[in-house]
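> Sequence first, predicted model second:
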Amino acid sequence: MSTPNSPGSDVEYTTLPAIPNLLAQYGKAAVGAVPVVGGSRSADSMPAKGVEVQGVTVDVANLAAYTRVCGLRLGDALPLTYPFTLAFPLSMQLMLDPDYPVPAMGSVHLTNEIESHRPLRVGDELTIRARAENLREHPAGLLLDIVTEIRTGDDPDPAWVQRSGLLSKRRTSLTPPKDAPRPPKPEPPTAAEIGDPTIVKSVTEAQIAEYAAVSGDRNPIHVSKVGAKAFGFPNVIAHGMWTAATLLGVVEGSIPERARYSVEFGKPVVLPAKLGVYARRDEATGSGG
């Protein structure tokens, strides 16, 4: 499998007049998921294309609604995860490109890493860029990264960088044979080993519907029982980035201005649910993280 584009420098960016409408994009993604006779996406290469939007400013009312539904503080500095909602329509724009190697509908958000180099603030004029790279095989399908960078003013260096790992499920050369025995699942830690949770949070369908409205991410798996069941879930599931944001609320006062936040989405949060959140200081790193 070839991965012809190198990170960043060789990408040709198209400047969009504004952030695309996410709801309209979902309609196009649904149409793009329907097989077309004589048409197919090339799943062995990655286009050296990117998209950007300039002069983006934060809607304070939307920010306030986001912090409320995620249990975060409302202030001048944007929460570490909030720019994801600004940038996600650009990721969708990439996935809707016919040269993109896999369809947008059905892709699974597997990992997410955010690097904050300096705070983004209400009133900043933002330039948001997104590109896709690093197409590779995974035992469960094809995995690629969508990289988002946000700059402020005329500063050439990004203030905020995100790398989202998206998985398109299919058989690859790394997929075990159908008759291969499944590896044993590791035993979950016991209550005695991990102690009591720092906090227990309840999450309901109403909360996630509110997050869907605030973020614009109305993927059927989050807002429709029928849509969720079509993708194999027993009920609607929480957005992974809602969970990632809500977890930060437990340690929000301890997050430095320069930070890296990495998340792996292991199991879906099927609604309604109770989440046990465990926050521990890692003294072994020497940084108190």
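Noted; the coordinates are in hand. Numbers count the residues shown, from 1 in each chain.
> Isn't Thr14 up against Gln54?
No. Counting by Cβ atoms under 8 Å, Thr14 does not reach Gln54; the two are 11.9 Å apart. Heads up, the C-betas are built off the backbone N, CA and C, glycines and all.
> which of the two has more neighbours?
The residue with more neighbours, out of Thr14 and Gln54, is Gln54; 14 against 10, by other Cβ atoms under 10 Å.
> which SSE is the more buried one in?
strand 49-56 (DSSP states H and E).
> Next SSE downstream of that strand?
helix 60-70.
> continuing past that next one, what's the next helix or strand?
Proceeding N to C from helix 60-70, the next assigned helix or strand is helix 83-96, under DSSP H and E.
> by contact count, what packs against that following helix?
Contact partners of helix 83-96 among helices and strands, from 3 or more Cβ pairs under 8 Å, 6 or more residues apart in numbering; DSSP states H and E: helix 22-32, strand 49-56, strand 126-138, strand 141-152, strand 160-169, helix 205-215.
> nearest residue to Ala77 other than its sequence neighbours?
Pro119 (4.2 Å; Cβ to Cβ, 6 or more residues apart in numbering).
> can you confirm that neighbour is in a helix?
No. Note on Pro119: no helix contains this position according to DSSP: H, G, I helix; E, B strand; the rest coil, which reports coil.
> so who does it touch?
Taking Cβ atoms under 8 Å, 6 or more residues apart in numbering as the contact definition, Pro119 lies against 77-78, 159, 257.
> can you check Leu126 too?
Contact criterion Cβ under 8 Å, 6+ apart gives 55-58, 83, 86, 120, 150-152 as the residues in contact with Leu126.
> Does it have any beta-bridge partners, and if so which?
With DSSP bridges as the criterion, the beta-bridge partners of Leu126 are Val56, Thr152.
> For it, report the pLDDT, please.
According to the predicted model, the pLDDT of Leu126 comes to 98.
> Please tell me how far it sits from Thr175.
Leu126 is 40 Å from Thr175, where distance means Cβ to Cβ, to the nearest Å.
> Point out where the stretch 151-289 of the chain drops to low pLDDT.
Using pLDDT under 70 as the threshold, the predicted model of the stretch 151-289 of the chain has low-confidence ranges 284-289.
> quick one: the helices in it?
Secondary structure of the stretch 151-289 of the chain (DSSP state H, counting those that start in this stretch): helices at 191-194, 205-215, 220-223, 225-230, 240-248.
> Adding distance to Ser164 as columns, could you present these in JSON lines?
As requested, the helices of the stretch 151-289 of the chain are arranged in JSON lines below (distance: least, Cβ to Cβ, whole Å):
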{"stretch": "helix 191-194", "distance to Ser164": "28"}
{"stretch": "helix 205-215", "distance to Ser164": "14"}
{"stretch": "helix 220-223", "distance to Ser164": "16"}
{"stretch": "helix 225-230", "distance to Ser164": "21"}
{"stretch": "helix 240-248", "distance to Ser164": "9"}
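> Turn the ones you listed into JSON lines, including distance to Ala279 and mean neighbour count.
As requested, the helices of the stretch 151-289 of the chain are exported to JSON lines (distance: least, Cβ to Cβ, whole Å; neighbours: other Cβ atoms under 10 Å):
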{"stretch": "helix 191-194", "distance to Ala279": "12", "mean neighbour count": "9"}
{"stretch": "helix 205-215", "distance to Ala279": "21", "mean neighbour count": "18"}
{"stretch": "helix 220-223", "distance to Ala279": "26", "mean neighbour count": "20"}
{"stretch": "helix 225-230", "distance to Ala279": "29", "mean neighbour count": "14"}
{"stretch": "helix 240-248", "distance to Ala279": "8", "mean neighbour count": "22"}
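> now for these, which one comes closest to Val270?
Closest approach to Val270 among those is made by helix 225-230 (8.5 Å; Cβ to Cβ).
> Extract the CA atoms of the closest one and return them as PDB.
Output for helix 225-230, consisting of C-alpha atoms alone and laid out as PDB, is shown next (Å, rounded to 0.1, in the frame of the first residue of the first chain):
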ATOM      1  CA  LYS A 225     -32.100   4.700  17.400                       C
ATOM      2  CA  VAL A 226     -32.800   3.400  13.900                       C
ATOM      3  CA  GLY A 227     -29.600   4.900  12.600                       C
ATOM      4  CA  ALA A 228     -27.600   3.500  15.500                       C
ATOM      5  CA  LYS A 229     -29.000   0.000  15.000                       C
ATOM      6  CA  ALA A 230     -28.200   0.200  11.300                       C
END
